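All I have is the shape, not the residue letters:
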């Protein structure tokens, strides 16, 4: 239990008591002096660690949630709507959408993976590591599995109205759905780790 008493005289003194330990902070001439007259001085570093842990948790959950939300939106809404148009229109719309989404999605995946890994280092809890691996798996999956399809769709001189282009767009949608699933798995793992 944390209790405080403030002496309103000059110089200002604040006394904090926590489980029998006392911290006195006196300010004079805009400088703070701190005396820790107790054996266990780990109270201050643990406060900083809690703040770092909370920030990392927020970053991991938020970045992963944004990634998963955007990926699911593309899978369930944007790509099906794109495919409802003619193949040529769908291919023309896919290219700029893909280029814009690449930077955002890759950045979110990497930030979420780094923050989740940092929380695993702090806690050694398997949920953080599993979430980080799931969201990071999106990067090699994209580079090794989806990238060849992307390159074919972006190939200069491609007949955008061809049956092959239609097949590539449909294939891309199925492959992207796997990224959506990986993002959802990761965000669920991160949320579970955060509330445990």
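Perfect, I can see it now. Because the structure is a prediction, the values reported are computed rather than measured. Numbers count the residues shown, from 1 in each chain.

Show me which helix runs longest in the chain.
When secondary structure is assigned using DSSP state H, the longest helix within the chain turns out to be helix 87-123.

in which helix or strand would I find residue 160?
Secondary structure assigned from DSSP states H and E places residue 160 in neither a helix nor a strand.

need the contact list for it.
87-88, 91-92 (CB atoms under 8 Å, 6 or more residues apart in numbering). In this view, the C-beta of every residue, glycine as well, is placed from N, C-alpha and C.

What of residue 130?
If you count contacts by CB under 8 Å, 6+ apart, residue 130 has them with residue 189.

so the one helix or strand it maps to versus helix 87-123, what angle?
Residue 130 is located in helix 126-136, with elements delineated by DSSP H and E. Direction vectors for helix 126-136 and helix 87-123, defined by axes from the mean of the first three to the mean of the last three CA atoms, to 10 degrees, enclose an angle of 150 degrees.

residue ranges with poor pLDDT in this protein?
Judged by pLDDT under 70, the chain has its weakly predicted residues at 1-50.

Can you give me the domain boundaries for it?
If you go by automatic domain parsing, the domain ranges for the chain are 2-35, 44-195.

Tell me which of these is the most buried.
Each of the domains of the chain was scored by mean neighbour count; the highest is domain 44-195, a mean of 17, by mean count of other CB atoms under 10 Å.

The protein: strands as residue ranges?
Remark: strands assigned in the chain by DSSP state E are 2-7, 12-18, 21-28, 31-35.

What residues does residue 59 make contact with?
For residue 59, counting by CB under 8 Å, 6+ apart, the contacting residues are 111-112, 115.

just residue 183 next, same as before
With contacts defined as CB under 8 Å, 6+ apart, residue 183 is in contact with 64, 67-68, 71-72, 109, 134-135, 138.

Quick check: closest non-adjacent residue to it.
residue 68 (3.5 Å; CB to CB, 6 or more residues apart in numbering).

residue contacts, the one you found?
Listed by CB under 8 Å, 6+ apart, the contact partners of residue 68 are 180, 183-184, 186-187.

now swap in residue 131 and tell me
60, 64, 112, 116, 185-187, 189-190, 193.

so how far is residue 125 from the nearest residue to it once chain neighbours are set aside?
Excluding the flanking residues, the one nearest residue 131 by CB to CB, 6+ apart is residue 189, at 3.5 Å. In this structure, residue 189 and residue 125 are 10 Å apart, going by CB to CB, to the nearest Å.
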